[in-house]
Structures are given as structure tokens and as C-alpha cells.
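A.B. asks: A predicted structure for the sequence below; I have some questions about it.
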Protein chains: 2
Amino acid sequence: MSKRDIKILLVDDEPDILEIVGYNLSLEGYQIITATNGVEAVKKAKKEKPQLIILDVMMPEMDGIEACEHIRNIPDLKETIITFLTARSEDYSQVAGFDAGADDYITKPIKPKVLVSKVKALLRRLKEEEVSESIVKIGQLIIDHEAYKVILKGKEIVLPRKEFELLSLLSSKPGKVFKRDEILDKVWGNEVVVGGRTIDVHIRKLREKIGDDSFKTVKGVGYKFVS
Amino acid sequence: MSKRDIKILLVDDEPDILEIVGYNLSLEGYQIITATNGVEAVKKAKKEKPQLIILDVMMPEMDGIEACEHIRNIPDLKETIITFLTARSEDYSQVAGFDAGADDYITKPIKPKVLVSKVKALLRRLKEEEVSESIVKIGQLIIDHEAYKVILKGKEIVLPRKEFELLSLLSSKPGKVFKRDEILDKVWGNEVVVGGRTIDVHIRKLREKIGDDSFKTVKGVGYKFVS
DNA sequence: TTTAAATGTTACCTAAATGTTATTTGTTAT
DNA sequence: ATAACAAATAACATTTAGGTAACATTTAAA
């Protein structure tokens, strides 16, 4: 799962906060959804199923604690990480927050850099669980995601990042044809626009290193990895 | 390691508790260090490196849960046992506490005999792990976490704190690539924001002292330790 | 068979990432 | 206070991944 597949629900009654926090997180490539009160938050959480929810404690309609409890009761959102926004002084709300099922809290005033790194740290936990199969074996090929390296017939091959990611993608479903669009989206990110020969060049480099016949071209469509 | 060499950090905002618990444990021969709030606790933990920390959940300045998380992020204190003190009713803190990396909890009101035997039981576990955990050998390299020193090919090398922590982190999973974000989070802590060249400079110093080829750069990702 | 579109190939360029060193700033012990 | 060291930064150097352009080759449909 890449960054741009991650949705973050941001809930605060102050538009300024939504603005600044949302801006900083979207710069990092996350999808941002916002809500200005607890009721709206629960509704949007249910619909969008974000991976992370940042909840202000003090809000009209329904406060953060109550919203958190509601959200925790939605089966689909069991794995969602919830963190509170709280003024430094209100340490009471932190206790109540954990009680309601929060995973963490962030204190105001918010420093964007701190916030971003905290969010990254929280999401890392999610990511680590996801890539549980960090070592994948396909025929003669061993792909070690943790060490960012590839072992082919016992020989270690170090691949540059994009090549590694491309191989990683194609080999995640051997035999499946990945469309060029799909490859661009997953490896390059669809905000980035690259020239028409970029994928080919990378495929060529992989063919050089891994073996010509591991990568089959399907003309007019894309590429597939075959073991 | 004899009882006399074991340090226990006791953290509670009520002097009465510190007094009675401290007295009972010191009778058993343990060294007792005390703190009355989370901030002080983290500071003393960092400095004294106790084997066991008994943390009250409810405290001013920084609560036990937060303190626990901070402590868990200090590489040197990875193996430290942390247990919470909690009122019987507050069972939420137990959940949040385990989440934050606690090993056990003790409920108030405290019965000295129960406490002492619980402490003994916890420290027994430490003793079993001690040999394998506090001294790590990787190839020509021996890392002694307790003494804060490193032995390379029989020669002792004294590393400054950050360098030691960085080495400690990287060597905890040889071969694994640690992302720059992750390194910042684990070694510097994610409240601190440091400049973009800080990690590199420390890596360079390690390369100077430990050996150039022990640290591999993975461009665009991070660094890994290889034996 | 033609031929236009898609893909392959190569060499080259550059921005971004990392390396390096000197200097400033912070900390600790005496 | 100050010496001694640690840690961070700034400024500059170096490296390389990754992208592109230009051209070659292949493929499949007409």
C-alpha cells in the first residue's frame, strides 16, 4: 500500500486547523478527508474507512471522546488508528481518550513537522503488519523487502529503488499482466508524469539483471512476470 | 549480577507510595531511584538505566503511559522491564499500558509482600535473558549495551551516545534497511526536528570507527548494517 | 506486404540524495 | 569559569538513480 492509498480523517471544529494540518499531510501524499464535528466524523469514518483518524477532543455536536467510542464500535474500523488532538493542559482528556480506545494523542499547539513525523510513525506500524511477507520466493528468485535486495540463484543482486519496486510489483502476482497505467500508478505515483519510454527502460534493466525471459511484454497492454 | 547491582526506578507523585514501596524493596537489597513525574522519570531512566521501572499511570507533567512510550524509544532501555501502578478500577490503563510497551501491572492498593514477590518474579525473567540480550555479537563486533561500549576485533571503541544508539539500532537487525524516518524516530525521537545532514554525519563517524563497509547506503531509502 | 504504433536500446544529462569538512552550539565535569 | 567533548548545522563536493531523447526494432492489423 503506497502513501496515496492511505486515507486520513481529520476532525476539528476550527477550519484553520483543518487547513494547516490537512495541507501538511497532503504534501506528504496522503488522502485527506475532513469533518468539523463528531457526528460528521462518525459518518465519514463509516463511509471512507480511513486508516488513521485525528480527532479533536473539544467539539460541538459530539465531542471527540464520544465520537471515538462510536467509531470503535464499528466492526470495519477495528484496525483504524485513532489519535486525539488535545491542548497540553487538558491531561484529563488524555486519560479519558485512552479509555475510549484511542491509540495516541497529539498536543496543541501543533508543530507541522512533529505532527507529520508522528503520523508517519503511527502508520509505520500499520505498514509493518502489512508487509509481513517481507521475504518472497519465486522459483530461483528471492525478494527480500526488508533488506531491499534480491537473490537470484544464490547470487545477491542490488537493485536501485525503482527497479526494486517494479520487480516487487510484477512479482507480487506472477503471471498477471500489469497495465502500463497500473505500473505508473503503483511505482511512480499518478501525480508524477514521466515520459513514454521510462517503464521500458526500467524493464530492460531488470531483464539485464534478472533474466530476459522473466519479463514478458504483452503488446498494447503491459508486462508480466513469469517464473 | 547480584541484587545490589539492580536498580529500580520508582515513579509516583505521592511521596507516601515512594516511601513505603522504596523501603520494602531496599530491604531486599535493591538500589532504589525515585521520580515524581513522567518527565523526571524519563530523564532518570536515561541516565541511570534501571533494570526495572515501576510507573504510576496518573501523574502530573507527563503521565505514565506517555513516559513509558518515551522510555521504550530509548534503544538502551529496550530490555528494561516496565510495570504500571494502577488503581484497580482503571482497567483501561492496563490496555493502554500494554499498548505502550509495558510488561506487567500492579494494582493499588499495594500490599508490600505481593509487590516484592512480583518484583522478584519480574527480575528473574531478566536474569534469564540477560546473558543473551545485553551483549550482542555480530561478526567481529561486540556491542555491550550495559557498558555502552563496543569491541571491534578485540579492540575497545568508545562511542558517544548518539553514535552508540545509531549503531545499536542498525545492528539490532543486520541486513534490514532502516528508513531515515525510522532512524530519526528511534534515535532522535519524533518530537525533535533535526537538519537533513545529521544522520549522514553520524553514519560517517561510525564508518570511520567501525569500518566503511559495515554500513550500506540504500539511496532514497536509508541505511543498513551488514556483517 | 505494408506500415503505423508500440516497444526496445543506448548514451547521456541532471536533480536529488548522500558524503564531507569545518564551524557553531550545547553539555558536562572539574 | 573553562576545558573537553558531543552534537548539530551549514556550506560545499560528490555520486548516482532515474529520466529523457533519439533512434532501432518488432509486432499486429489492414
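C.D. replies: The structure has been received and is ready for your questions.

A.B. asks: all helices for chain A, in order.
C.D. replies: Ranges of helices within chain A are A:15-27, A:38-48, A:64-72, A:91-99, A:112-130, A:161-172, A:180-183, A:198-210, based on DSSP state H.

A.B. asks: Please identify the most buried of those.
C.D. replies: helix A:64-72 (a mean of 22; mean count of other C-beta atoms under 10 Å in any protein chain shown). C-beta here means a position set from N, CA and C on the backbone, and glycine is covered the same way.

A.B. asks: Who are the packing partners of that helix?
C.D. replies: Judged by 3 or more C-beta pairs under 8 Å, 6 or more residues apart in numbering or on different chains; DSSP states H and E, helix A:64-72 is in contact with helix A:38-48, strand A:52-56, strand A:81-87, helix A:91-99.

A.B. asks: and these as a markdown table, adding mean pLDDT?
C.D. replies: Putting the helices and strands packed on helix A:64-72 into a markdown table (pLDDT from 0 to 100) gives the following:
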| stretch | mean pLDDT |
| --- | --- |
| helix A:38-48 | 91 |
| strand A:52-56 | 91 |
| strand A:81-87 | 81 |
| helix A:91-99 | 51 |
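
A.B. asks: what residues go with each domain of chain A?
C.D. replies: Domains of chain A are assigned by automatic domain parsing as A:3-128, A:135-225.

A.B. asks: And these: which comes nearest residue B:74?
C.D. replies: Among these, the nearest to residue B:74 by C-beta to C-beta is domain A:3-128 (15.0 Å).

A.B. asks: That closest one vs DNA strand D: in contact?
C.D. replies: No: Domain A:3-128 stays clear of DNA strand D (C-beta under 7 Å from any atom of the strand), getting no nearer than 11.1 Å.

A.B. asks: gap between that domain and the chain center?
C.D. replies: Relative to the centre of its chain, domain A:3-128 is centred 15 Å away, using C-alpha atoms, centre = their mean, to the nearest Å.

A.B. asks: confidence score at the residue nearest to residue A:218 when sequence neighbours are not counted?
C.D. replies: Residue nearest to residue A:218 in three dimensions, not counting chain neighbours: residue A:177, with 5.0 Å by C-beta to C-beta, 6 or more residues apart in numbering or on different chains. Looking at residue A:177, its pLDDT stands at 95.

A.B. asks: Pretty sure residue A:177 sits against residue A:224.
C.D. replies: Yes: between residue A:177 and residue A:224 a contact is recorded at 4.5 Å, counting by C-beta atoms under 8 Å.

A.B. asks: Looking at these two, which is more packed in?
C.D. replies: residue A:224 (18 against 15; other C-beta atoms under 10 Å in any protein chain shown).

A.B. asks: Low-confidence ranges, chain A, go.
C.D. replies: Scanning chain A for pLDDT under 70 picks out A:1-4, A:88-103, A:108, A:125-133, A:191.

A.B. asks: and chain A, which of its residues are near DNA strand C?
C.D. replies: Along chain A, the residues adjacent to DNA strand C under the rule C-beta under 7 Å from any atom of the strand are A:180, A:196-197, A:200-201, A:203-204, A:207, A:217-222.

A.B. asks: so does stretch A:216-226 get close to DNA strand D?
C.D. replies: Yes: counting by C-beta under 7 Å from any atom of the strand, DNA strand D has neighbours in stretch A:216-226: A:219, A:220.
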